[in-house]
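>>> Need a 3D model of the sequence below.
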Amino acid sequence: MVLTCHTSSYVDHIILITFSHDLDKSIMALLASEFAMKDLGSLSYFFGIAVTRHASMTSCNPSATLVDIKQKLNTSFDTPYEDPSMYRSLFGALQYLTFTRPNISYVVQQAYLHMHALYIEYVLALKRILQYL
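Model (predicted):
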C-alpha cells in the first residue's frame, strides 16, 4: 500500500507493509490522526522494481525462522539438484526482495555462495526463506 502524507512544506510517500489487514488499518488510522493522507492503493512499482503478488505458496507450512539453525549448508551433500536455472531464478527474485526486506540479506547471500554446485539441500534452504516470508 502506498500512502501520500502531506505536511506543511513537502509531500512524502510511505510504503506500508503489514502482516494483517487489521494492523494495516490501525497504522493508517494513527498516521491519519497526525497527517493529511491519501491512500494511493497497492504498490505496483518501486525503485525500478515491478511489484507483483503471487499466492502460490499460501498453503505451505510457514517457517518461524529464516534458516534451520541445526542444519549447516556445506559442499558434502550427495543429491545434486537437477534444475539450476530454477534455483538461480528464485535466488534472483530473493536478491531483489532484499531491497525492501533487508532482514533476509544474510541468508540470501549464503544461498549465493552455493550457486556453483547445487544440491537439493540448498533449494530447500531457499524454500524455507519463502516459507518465512
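>>> Next, give phi and psi for Met28.
phi -60, psi -40 (degrees, to the nearest 10).
>>> so how far is Ser42 from it?
Applying CB to CB, to the nearest Å, the value for Met28 to Ser42 is 14 Å. Any C-beta I mention is one placed from the backbone N, CA and C, and that applies to glycine too.
>>> can you check Leu124 too?
Leu124 is 31 Å from Ser42, by CB to CB.
>>> One more: Gly48?
18 Å.
>>> what's next to stretch 90-99, contact-wise?
46-47, 49, 104-105, 108, 111-112, 115, 123, 126, 129-130, 133 (CB atoms under 8 Å, 6 or more residues apart in numbering).
>>> Number of residues surrounding the closest residue to Arg53 other than its chain neighbours?
Ranked by CB to CB, 6 or more residues apart in numbering and with sequence neighbours excluded, the top spatial neighbour of Arg53 is Ser42, at 7.9 Å. Ser42: 9 surrounding residues under other CB atoms under 10 Å.
>>> can you pull the pLDDT of Ser42?
Listed pLDDT for Ser42 reads 79.
>>> Let's verify it: helix, strand, or coil?
Taken by DSSP: H, G, I helix; E, B strand; the rest coil, the conformation at Ser42 corresponds to coil.
>>> Show the backbone phi and psi for it.
Torsion angles, degrees, to the nearest 10, at Ser42: phi -70, psi 150.
>>> Ile129 contacts Gln109, correct?
No - Ile129 is beyond contact range of Gln109, at 11.5 Å (criterion: CB atoms under 8 Å).
>>> Those two: who's more crowded?
Higher neighbour count among Ile129 and Gln109: Ile129, with 21 against 11, using other CB under 10 Å.
>>> Point me to the helix or strand that includes that one.
helix 120-132 (DSSP states H and E).
>>> I'd like to know the average pLDDT value across that helix.
Here the average pLDDT along helix 120-132 is 82.
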